[in-house]
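Engineer: predicted model follows, preceded by the sequence.
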There are 2 protein chains.
Amino acid sequence: MPQPNAAPSPFRSREERERDREEKREAVLRAAVRMFNARGFHATSLDDVAASLGISKPTIYHYLGNKEQVLIECVTRGLELLSAAADTARAQPGNGLARLRSVLRRYSLVMMDDFGRCVVRTGDEFLSAEGAALFRARKRAIDLSIRALIEDGIADGSIAPLDVRMTAFALAGALNWPGRWHEPDGPLSAEQIADSMVDILISGLAPRT
Amino acid sequence: MPQPNAAPSPFRSREERERDREEKREAVLRAAVRMFNARGFHATSLDDVAASLGISKPTIYHYLGNKEQVLIECVTRGLELLSAAADTARAQPGNGLARLRSVLRRYSLVMMDDFGRCVVRTGDEFLSAEGAALFRARKRAIDLSIRALIEDGIADGSIAPLDVRMTAFALAGALNWPGRWHEPDGPLSAEQIADSMVDILISGLAPRT
DNA sequence: TAATCAATATACCCGTGAGTATAGAGGAGA
DNA sequence: TCTCCTCTATACTCACGGGTATATTGATTA
């Protein structure tokens, strides 16, 4: 076990090396997703990504295999954040509407994160057949948990008896959109946007008497 | 002037030739936009587009110049449909909410048309700097007319006093989304989807007592 | 009839970028 | 110490696809 004030040794243990490796992988992914979001997947070359990290292309291949893998990892990160957002609120207290509101808020925030944005900006066209199938399946699962929440709300009377499928699409569309236009350095914070959007969707445009 | 029952002559007049030309241009655009929507812009080669029409690549260049021009024409078509949707309802009777509803309905329908879909699916990244600037300007104009309508509605009391900008974004996002997932041959008609979406957005999720 | 123009094709050029072959440096383990 | 494994770079191959040079055909005009 390491001494309290031991000078950091240049000799790395097995775990340290593995942690290093993971860290580098992560750095590549972060750099890649930023560039994909900014310039688009096809317009970003792995040479560009490598250059932005001061490394060379084979290094990326060493850590991630090929370009599609890089994208799939990025998208998967995003999908996991989204799934997590959908699932944590499942266990929360409150009626259907309250739980849905909490999910929507989180979902919306993820969409303004690098990896979340990547999910909206990545069309099936960019992936191979298998990749696209997996992608669709995971998105469908998220859609289904939102629908389940809507159904709960309708059942307990906290949500109006709407067409569940269309409602889920409308919500997803509205909340995905910031992934397209929101810029992190802009004047509006992600939280403000999320709250505002969710309120509008829940209360609707028509005035409540 | 042509005889009533004249056999169609193989000799074409000046206007007929120009009409032919226009028709061919149009056919190229239609074929291109379909393929762009299905496979993505970068993944579609002009050779593919040409082959799908039984012609060769230089013919496309003859009519349209270069690949970006093809995309710009497609996007412009879509933007014009959208602008038209926003503007026709301006002159209509009714309060702000009624006019907004009519605009949203039309807007939503355009998004399920080939050229409309192209607008949502085309990110700024695909265009050159000038192209992107023009594109953004036209989208902004559409956004502004929707905001104006919302403001009218708030002023006359038919719409709740919401944050106008956020409301416009939420509406646009929700109505753009079908451009991503709706398939024309699916079971739901564009009209059904449009009506359903607009209703949900206007009345909101929370039950009206 | 000669000259011209529009429309179209074939065959090419060439830049870009994904992916790889190969080699070297340095630590880890035998 | 010798060997092996991990990490990284240099320098390459190769396909794809945007764009073009050039030829041909047939109709229009002088």
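Structural biologist: It's in.

Engineer: please save the CA atoms from stretch A:110-129 in PDB.
Structural biologist: Provided in PDB are the C-alpha atoms of stretch A:110-129 (Å, rounded to 0.1, in the frame of the first residue of the first chain):
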ATOM      1  CA  VAL A 110     -28.800  15.100 -21.400                       C
ATOM      2  CA  MET A 111     -29.700  16.400 -24.900                       C
ATOM      3  CA  MET A 112     -27.500  19.400 -24.100                       C
ATOM      4  CA  ASP A 113     -24.600  17.300 -23.200                       C
ATOM      5  CA  ASP A 114     -21.900  16.300 -25.800                       C
ATOM      6  CA  PHE A 115     -22.900  12.600 -25.900                       C
ATOM      7  CA  GLY A 116     -26.600  13.300 -25.800                       C
ATOM      8  CA  ARG A 117     -26.400  15.700 -28.700                       C
ATOM      9  CA  CYS A 118     -24.600  13.000 -30.600                       C
ATOM     10  CA  VAL A 119     -27.600  10.800 -30.300                       C
ATOM     11  CA  VAL A 120     -29.900  13.200 -32.000                       C
ATOM     12  CA  ARG A 121     -27.400  14.200 -34.700                       C
ATOM     13  CA  THR A 122     -26.600  10.700 -35.700                       C
ATOM     14  CA  GLY A 123     -29.000   9.300 -38.200                       C
ATOM     15  CA  ASP A 124     -29.300   5.600 -39.000                       C
ATOM     16  CA  GLU A 125     -27.600   6.400 -42.300                       C
ATOM     17  CA  PHE A 126     -24.300   6.800 -40.600                       C
ATOM     18  CA  LEU A 127     -24.300   3.300 -39.200                       C
ATOM     19  CA  SER A 128     -23.900  -0.200 -40.600                       C
ATOM     20  CA  ALA A 129     -27.000  -2.400 -40.800                       C
END
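
Engineer: quick one: it near chain B?
Structural biologist: Yes. If you take CB under 8 Å from any CB of the partner chain as the test, stretch A:110-129 does meet chain B, through A:121, A:123, A:125-126. Every C-beta, even on glycine, is put in place using the N, C-alpha and C of the backbone.

Engineer: residues contacting that stretch, please?
Structural biologist: A:30, A:33-34, A:36-37, A:40-42, A:68, A:71-72, A:74-75, A:77-79, A:81-82, A:85, A:132, A:135-136, A:139, A:175-176, A:178-180, A:182, A:184, A:190, A:193-194, B:38-40, B:43, B:121, B:123, B:180 (CB atoms under 8 Å, 6 or more residues apart in numbering or on different chains).

Engineer: could you point out the helix or strand that follows the lowest-mean-pLDDT helix or strand in chain A?
Structural biologist: Each helix and strand of chain A was given a mean pLDDT (mean pLDDT, DSSP states H and E); the minimum falls on helix A:14-39 at a mean of 90. The element immediately downstream of helix A:14-39 (helix or strand, assigned by DSSP states H and E) is helix A:46-53.

Engineer: what is the helix or strand that that following helix is followed by packed up against?
Structural biologist: Next helix or strand after helix A:46-53 toward the C-terminus (DSSP H and E): helix A:57-64. Secondary-structure packing of helix A:57-64 (3 or more CB pairs under 8 Å, 6 or more residues apart in numbering or on different chains; DSSP states H and E): helix A:14-39, helix A:46-53, helix A:67-88.

Engineer: if you set the cut-off to 7 Å instead, what comes out?
Structural biologist: helix A:14-39, helix A:46-53 (3 or more CB pairs under 7 Å, 6 or more residues apart in numbering or on different chains; DSSP states H and E).

Engineer: so which bits of the first one are buried?
Structural biologist: The neighbour-count check on helix A:14-39 (16 or more other CB atoms under 10 Å in any protein chain shown) flags A:24, A:28-29, A:31-37 as buried.

Engineer: what about it, near chain B?
Structural biologist: Yes. Judged by CB under 7 Å from any CB of the partner chain, helix A:14-39 and chain B are in contact via residue A:39.

Engineer: any idea of the angle that helix forms with helix A:57-64?
Structural biologist: Orientation check (axes from the mean of the first three to the mean of the last three CA atoms, to 10 degrees): helix A:14-39 against helix A:57-64 gives 110 degrees.

Engineer: pLDDT weak spots in chain A?
Structural biologist: In the predicted model of chain A, residues A:1-16 satisfy pLDDT under 70.

Engineer: dump the buried residues of helix A:14-39 into JSON lines; add distance to DNA strand D as well.
Structural biologist: Shown next, in JSON lines, are these (distance: CB to the nearest atom of the strand, whole Å):
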{"residue": "A:24", "distance to DNA strand D": "6"}
{"residue": "A:28", "distance to DNA strand D": "9"}
{"residue": "A:29", "distance to DNA strand D": "14"}
{"residue": "A:31", "distance to DNA strand D": "13"}
{"residue": "A:32", "distance to DNA strand D": "15"}
{"residue": "A:33", "distance to DNA strand D": "19"}
{"residue": "A:34", "distance to DNA strand D": "19"}
{"residue": "A:35", "distance to DNA strand D": "17"}
{"residue": "A:36", "distance to DNA strand D": "19"}
{"residue": "A:37", "distance to DNA strand D": "23"}
